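J.: Here is a sequence together with a model predicted from it:
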Amino acid sequence: MVYSYYPGCTLKTKAKVLDKNARLCAEVLGFTLEEVEEWQCCGAVYPMGADEIATKLPAVRALHAASEKEQGIVTLCSACHHVLKRVNEDMCQNKDLQTTVNNYLAQEETPYTYHGETTVLHYLEILRDQIGFDNLAAKVKNPLTGRKIGAYYGCMLLRPSSVMQFDDPENPTILEDFIKAIGAEPVVYPYRNECCGGYISLKEKALAEEMSQKIADNALSKGAEVLITACPLCLYNMKKPDGETLPTVYFTELLAEALGLKEE
């Protein structure tokens with residue numbers, strides 16, 4: 001299985017560990033990530049304006065690059081996944097936007113058109129739907145037995161559910177099933193799909209810290225010893241709660257550990 005891979009900006013800087021472990025684990029699990037050539041920043045925020053075109057073009061270029069190779073496009077960052085998935089939906093459903101965007105693309109050095117042909121996947125969907133969690137469990141060399149792990153989904157993987165179609169937005173299970181596959185015990189807590197304040201963490205720092213603290217306290221109250229996430233923004237905020245009583249790591253870090261790949 002070969003997929004086009006869109007890493008996004010943060011995975012090249014602050015979130016290198018998310019990227020590196022994902023690539024290593026993919027090799028062991030039998031699928032290949034081919035990084036999209038000359039990808040551009042997706043903007044990290046889906047532009048809500050109906051007439052906002054320019055900020056959607058980088059996502060369209062990456063989606064088209066994958067379609068040229070007849071591959072699905074895989075992301076790891078929740079923000080990148082959110083933007084690519086929603087822009088792709090726009091290009092499938094919004095004929096006016098499709099026409100306007102393709103008018104821009106006609107001016108490229110090598111003109112082309114795009115109509116939403118690419119399948120956008122999150123790395124976790126590959127594990128669930130292509131590899132299968134039972135097959136993943138069979139490849140685990142270092143089961144994380146006895147570890148009590150809380151899944152933190154945040155907002156962007158799940159909503160809007162009609163477009164993202166990632167999991168049940170109110171009662172998701174994909175990360176809990178992942179936790180079971182690597183041999184650990186999932187801790188289910190009510191705030192696992194609540195917002196951490198990611199997009200207001202600079203402007204409204206105190207509010208974002210309060211939101212993150214509530215999530216951490218809620219997970220701790222149910223017995224979680226560590227949280228896992230796929231979102232660099234969530235990781236940033238969840239490391240801020242006072243006392244840092246609840247470590248937060250990327251899910252690929254524990255996947256690598258379970259597969260016997262984690263560096264000392």
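T.: Sure thing, it's come through. Quick caveat: nothing in here was measured; it's all calculated off a predicted structure. Residues are numbered from 1 along each chain as shown.

J.: can you list the weak-confidence ranges in the stretch 101-250 of the chain?
T.: Residue ranges of the stretch 101-250 of the chain with pLDDT under 70: 241-244.

J.: That one: helices as residue ranges?
T.: All helices of the stretch 101-250 of the chain, identified by DSSP state H, counting those that start in this stretch, fall at 123-125, 133-139, 161-164, 174-181, 205-221, 232-238.

J.: okay, the ones you listed in TSV with mean neighbour count and distance to residue 251 next?
T.: To be clear about C-beta, it is placed using only N, CA and C from the backbone, and glycine gets the same treatment. Formatted as TSV, the helices of the stretch 101-250 of the chain follow (neighbours: other CB atoms under 10 Å; distance: least, CB to CB, whole Å):
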stretch	mean neighbour count	distance to residue 251
helix 123-125	23	7
helix 133-139	14	12
helix 161-164	14	17
helix 174-181	21	7
helix 205-221	18	15
helix 232-238	24	10
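
J.: mind checking which of those helices is nearest residue 50?
T.: helix 161-164 (15.1 Å; CB to CB).

J.: Quick one: residues in contact with the closest one.
T.: With contacts defined as CB atoms under 8 Å, 6 or more residues apart in numbering, helix 161-164 is touched by 82, 85, 86, 89, 157, 158, 168, 169.

J.: before we move on, what about stretch 254-264?
T.: For stretch 254-264, using CB under 8 Å, 6+ apart, the contacting residues are 21-22, 24-25, 28-29, 139-144, 149, 178, 182-184, 228, 253.

J.: that older thread, what subset of the contacts of helix 161-164 is buried?
T.: Buried residues within those, counting neighbours by 16 or more other CB atoms under 10 Å: 82, 85, 86, 89, 157, 158, 169.

J.: which phi and psi does the last one have?
T.: In other words, residue 169. Main-chain torsions, residue 169, degrees, to the nearest 10: phi -70, psi -20.

J.: In contact with it, which residues?
T.: Contacts here follow CB under 8 Å, 6+ apart; on that basis residue 169 touches 158, 159, 161, 193.

J.: Tabulate these (CSV), appending distance to residue 201.
T.: Shown next, in CSV, are the contacts of residue 169 (distance: CB to CB, whole Å):
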residue, distance to residue 201
158, 19
159, 19
161, 24
193, 18
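
J.: in stretch 92-109, what's buried?
T.: 97, 98, 101, 102, 105.

J.: before we move on, back to that, mind picking the two most distant members of the contacts of residue 169?
T.: 161 and 193 (10.7 Å).

J.: ok, so of the contacts of helix 161-164, who is nearest residue 52?
T.: Relative to residue 52, the closest of those is residue 86; by CB to CB it sits at 11.9 Å.

J.: Helix, strand or coil: sort out the closest one for me.
T.: helix (DSSP: H, G, I helix; E, B strand; the rest coil).
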